[in-house]
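In: When you get a sec, could you give me coordinates for this:
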Amino acid sequence: MNQAFLGYLHWGGLFFCLLCFALARFNQPRVARIVGIVPLLLALWGVGLIISTAGRVPMYGPLETLSQVLAVVLTMIFFFPPRADQRGAIVYLPWLGAALIQLLLILAPAKLNHNFYMYEHPMVIGFFQFRIWALAFSLLSSLNYLAGIKGLKASHGLSRGRNYLFVAAILYLMGEFSGCTWCLLWLGDYWRWSSGFFESALIFLLMMLIFHFPQSWIANPKVKALAGGLVGPVVMILVMIHQWSAI
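Out: Here you go, the predicted model:
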């Protein structure tokens, strides 16, 4: 993989994500969406480079994970924007979130994960792919929850945040089912307690936590928005610590 070319893609993506953020912030959401085609295409190009170089879809490691997370986030921002009558943080905050993911991608080592033989197994592919998609949707959820702290019709941000988090939890469970099946075929049992398995359980509990808070705890929309907004970043930190340490 040409690391210099990959760097151009990432820096270009960061520039256009920040440009989209500025346009949306200063009440030009339609123009931001048109310009947003560029970072989306650059993100998809980056994923395509990984596939063409590794001969498989992104699976594991900061470069592979963040590349696909960015592509998913930008796809959802572009194809599922807020309603035309929405204003405030729900319009511009997702672009800022995409820019931060792009910045992490720039800081990540431009290194692909090793091609293990097991990567060809459909359950292994499902395990990694569903987890990447779940991470992307948890970040989308947090961006929308945080947009609900202020701005007009903040409840719309809370509603979108809840829906994205629900999808993230479903995707994560699908990944865990694939992983448990893989574990059964590999180790002879559905579950083995280890730091990795414990982290998996912790991430799912974290995703589910806000759905089980007593109503009195989240009666204040700002408290609910802040609680929901923390889920995606905390999941991202847990995942990146684990993957960065494995490089």
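
In: ok, residue 27 to residue 91 distance?
Out: Distance, residue 27 to residue 91, by C-beta to C-beta, to the nearest Å: 8 Å. Where you see a C-beta, it was placed from the backbone N, CA and C, and this is true even at glycine.

In: Who has more neighbours out of the two?
Out: Neighbours per residue (other C-beta atoms under 10 Å) separate residue 27 from residue 91, with residue 91 holding more: 24 against 12.

In: State the distance from the more buried one to residue 20.
Out: 10 Å.

In: Can you verify my assumption that residue 111 contacts residue 64?
Out: No. Between residue 111 and residue 64 there is no contact under C-beta atoms under 8 Å: 9.3 Å.

In: returning to that earlier point: tell me, what's touching residue 91 and residue 20 both at once?
Out: residue 32 (C-beta atoms under 8 Å, 6 or more residues apart in numbering).

In: hey, where'd the helices end up in this structure?
Out: Secondary structure of the chain (DSSP state H): helices located at 3-25, 29-35, 37-54, 62-79, 89-107, 122-147, 154-187, 195-209, 221-245.

In: looking at those helices, which one has the lowest mean pLDDT?
Out: Least confidently modelled of these is helix 195-209, at a mean of 81 by mean pLDDT.

In: Format the CA atom coordinates belonging to it as PDB.
Out: Output in PDB follows, covering the C-alpha atoms of helix 195-209 (Å, rounded to 0.1, in the frame of the first residue of the first chain):
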ATOM      1  CA  SER A 195      -9.800  -9.800  28.900                       C
ATOM      2  CA  GLY A 196     -11.100  -9.700  25.400                       C
ATOM      3  CA  PHE A 197     -14.400 -11.500  26.200                       C
ATOM      4  CA  PHE A 198     -14.800  -9.300  29.300                       C
ATOM      5  CA  GLU A 199     -14.400  -6.200  27.200                       C
ATOM      6  CA  SER A 200     -17.000  -7.500  24.800                       C
ATOM      7  CA  ALA A 201     -19.500  -7.900  27.600                       C
ATOM      8  CA  LEU A 202     -18.600  -4.500  29.000                       C
ATOM      9  CA  ILE A 203     -19.200  -2.800  25.700                       C
ATOM     10  CA  PHE A 204     -22.700  -4.300  25.300                       C
ATOM     11  CA  LEU A 205     -23.700  -3.400  28.800                       C
ATOM     12  CA  LEU A 206     -22.500   0.200  28.200                       C
ATOM     13  CA  MET A 207     -24.600   0.400  25.000                       C
ATOM     14  CA  MET A 208     -27.700  -0.900  27.000                       C
ATOM     15  CA  LEU A 209     -27.100   1.300  30.000                       C
END
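
In: what helices or strands is it leaning on?
Out: Contact here means 3 or more C-beta pairs under 8 Å, 6 or more residues apart in numbering; DSSP states H and E; on that basis helix 195-209 packs against helix 154-187, helix 221-245.

In: And the contacts of it?
Out: With C-beta under 8 Å, 6+ apart, helix 195-209 has contacts from 134, 138, 165, 168-169, 172-173, 176, 179, 191, 227, 231, 234-235, 238-239, 242.

In: Among the residues you listed, name the buried ones.
Out: By neighbour count, with 16 or more other C-beta atoms under 10 Å, these hold 134, 138, 165, 168-169, 172, 176, 179, 231, 234-235, 238-239 as buried.

In: Could you dump these into a markdown table with distance to residue 120 added?
Out: Formatted as a markdown table, those follow (distance: C-beta to C-beta, whole Å):
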| residue | distance to residue 120 |
| --- | --- |
| 134 | 22 |
| 138 | 28 |
| 165 | 32 |
| 168 | 27 |
| 169 | 28 |
| 172 | 23 |
| 176 | 20 |
| 179 | 16 |
| 231 | 33 |
| 234 | 32 |
| 235 | 27 |
| 238 | 27 |
| 239 | 23 |
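
In: Of all the residues in stretch 66-84, which ones are buried?
Out: 66-74, 76-78, 81-82.
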